[in-house]
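1. Predicted model follows, preceded by the sequence.
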Amino acid sequence: MGPFVAVLGLFAAVAVLVMFVVFISYVRLWLRAWLSEASVSWLSLVGMSLRKVNPAVIVDSRIMAVKAGLNVSTNELETHYLAGGNVVKVVQALIAANKANIDLSFQQATAIDLAGRDVLDAVQTSVRPKVIDCPDPSKGAPVVAAVAMDGIQLKAKARVTVRTNIKRLVGGATEETIIARVGEGIVTTIGSSQSHKKVLENPDSISKTVLARGLDAGTAFEILSIDIADVDVGENIGADLQIKQAEADKQIAQARAEERRAMARAREAEMVAMVQEMRARVVEAEAEVPKAMAEAFKKGNLGIMDYYRMKNIVADTGMRESISRAEGPGQADDQTQQ
């Protein structure tokens, strides 16, 4: 009996020690929850530690919910914690929605949180709308530039007031979509204006036109207003385009003129070659004359007197040509008139 009693006593001592450690570890959490009327059982606290759940986060979140009049169980909070959600923000969002009379269930809040959205910021934005700059200066685009039909560029800045739509928050487009759609609407409105002066005279026509397009469809926000903060005149894009077009036409005309000059030079070279060819033919024909004369002498078709008469004619012709070259064109014209 002695050894059995000793072993039994050892087990009892170990059990007491374990219970004391558990009591010391969780007594503050259990007592805080009990005093806040959000009691959590000892077994639940131990089970949270075994499931690698932070009991302090669950207890504090349940205390906040109970004090705000919300009935959220520890199992729901623990489940969301294990899913990777932010339990504290979900409870804070539920409290804010309850105080603002916004219909937001625990399932909706956890779905929004698990979707990567800031559920607390969404609820706060539903209560207090926020202003979005269009375009976003942090993205490197300070203004939205567009060109009116008269060719003048206008640079505009807009401020969009939005309110979060809780029902469309899961799966709805983000702020970037709102900024892109508003920028597209500004460009379209300015581009369809006959004159930039009309836009400058009535800048709110841009906001009215853009707001009437229903740009918040499919987004997580509801657009309350679009205000044009600034409209500046930019460059004369139409004139620049005309100048560039004129320069391009000039270069095309120069290229065509150069092409015609090249064709003319080629034609001239071709004609020179033809002249040389014809001269060669003349020389070849002149070389055949003595042969023909010799053949005529042999056959008796040409007499010696005919030959000398022909030589006299040739000499006379050469003399006349030399005289005309010596007198020049002016004297030749005077002699012709006389």
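-> Now that the structure is in, tell me what you want to look at. Since this is a predicted model, take the numbers as computed values, not measurements.

2. only C-alpha atoms for contact and neighbour calcs from this point on.
-> Will do.

3. Tell me which residues touch Ser41, please.
-> Trp30 (C-alpha atoms under 8 Å, 6 or more residues apart in numbering).

4. so Leu224 sits in a strand?
-> Yes - the assignment for Leu224 is a strand, going by DSSP: H, G, I helix; E, B strand; the rest coil.

5. tell me the pLDDT at it?
-> Note on Leu224: pLDDT of 87.

6. Count the neighbours of it for me.
-> Using other C-alpha atoms under 10 Å, Leu224 has 14 other residues around it.

7. Helix, strand, or coil at the spatially most central residue of the chain?
-> What sits nearest the mean C-alpha location of the chain, by C-alpha atoms, centre = their mean, is Ala180, with 10.4 Å. Secondary structure assignment for Ala180 (three-state DSSP): helix.

8. measure it to Glu295 for me?
-> From Ala180 across to Glu295, the span is 102 Å (C-alpha to C-alpha, to the nearest Å).

9. same deal with Val90?
-> Taking C-alpha to C-alpha, one finds Val90 at 128 Å from Glu295.

10. Likewise for Gln245?
-> Gln245 is 74 Å from Glu295, by C-alpha to C-alpha.

11. thinking again about what came up before, Val90 and Glu295: who's more crowded?
-> For Val90 versus Glu295, the count of surrounding residues by other C-alpha under 10 Å is larger for Val90: 25 against 13.

12. Secondary structure element holding the nearest residue to that one once chain neighbours are set aside?
-> Distances taken as C-alpha to C-alpha, 6 or more residues apart in numbering put Ala109 closest to Val90, at 6.0 Å, once the chain neighbours are dropped. Assigned by DSSP states H and E, Ala109 belongs to helix 106-114.

13. One more: Glu247?
-> Assigned by DSSP H and E, Glu247 belongs to helix 237-299.

14. what mean pLDDT would you report for that helix?
-> The average pLDDT within helix 237-299 is 86.

15. Tell me the helices and strands packed up against it.
-> Identification of packing neighbours for helix 237-299 by 3 or more C-alpha pairs under 8 Å, 6 or more residues apart in numbering; DSSP states H and E yields strand 152-164.

16. For the strand it packs on, name the packing helices and strands.
-> By 3+ C-alpha pairs under 8 Å, 6+ apart, strand 152-164 packs against helix 119-127, strand 130-134, strand 144-147, helix 196-201, strand 221-236, helix 237-299.

17. buried set for stretch 289-304?
-> Within stretch 289-304, no residue is scored as buried using 16 or more other C-alpha atoms under 10 Å.

18. Could you do stretch 301-318 as well?
-> So for stretch 301-318, nothing qualifies as buried (16+ other C-alpha under 10 Å).

19. try stretch 127-134
-> Neighbour counts over stretch 127-134 (16+ other C-alpha under 10 Å) mark 127, 129, 131-134 as buried.

20. Quick check: the farthest pair among those residues?
-> Val127 and Cys134 (22.0 Å; C-alpha to C-alpha).

21. Show the subsequent helix or strand relative to the lowest-mean-pLDDT helix or strand in the chain.
-> In the chain, no helix or strand scores lower on mean pLDDT, DSSP states H and E than helix 2-35, which sits at a mean of 64. Counting by DSSP H and E, the element after helix 2-35 in chain order, helix or strand, is helix 42-50.

22. name the helices or strands packed onto that next one?
-> helix 2-35, helix 55-67.

23. Tell me the gap between it and the middle of its chain.
-> 54 Å (C-alpha atoms, centre = their mean, to the nearest Å).

24. try stretch 88-98
-> Distance of stretch 88-98 from its chain centroid, counting by C-alpha atoms, centre = their mean, is 39 Å.

25. about what we covered before: Asp121 is in contact with the residue nearest to Val90, correct?
-> No - counting by C-alpha atoms under 8 Å, Asp121 is not a contact partner of Ala109; they are 11.6 Å apart.

26. Find residues that contact each of these two.
-> Ala93.

27. what about those two, which has more around it?
-> Each of Ala109 and Asp121 has its neighbours counted (other C-alpha under 10 Å); Ala109 has more, 26 against 14.

28. For that one, which residues are in contact?
-> Counted by C-alpha under 8 Å, 6+ apart, Ala109 has contacts 90, 93-94, 119.

29. what's the most distant pair in these?
-> Longest span within those, C-alpha to C-alpha: Leu94 and Val119, 9.0 Å.

30. what about Ser322, how many residues close to it?
-> Neighbour count for Ser322, taken as other C-alpha under 10 Å: 10.

31. heads up, I number from 551, so please use that
-> Understood, numbering begins at 551; the last thing we discussed is Ser872.

32. where's it, which helix or strand?
-> Using DSSP H and E, Ser872 sits within helix 854-887.

33. Met699 touches Gln744, doesn't it?
-> Yes - when contacts are counted by C-alpha under 8 Å, Met699 is listed as touching Gln744 (5.1 Å).

34. wait, doesn't Pro685 sit right on Ile729?
-> Yes - under the criterion of C-alpha under 8 Å, Pro685 is in contact with Ile729, at a separation of 6.3 Å.
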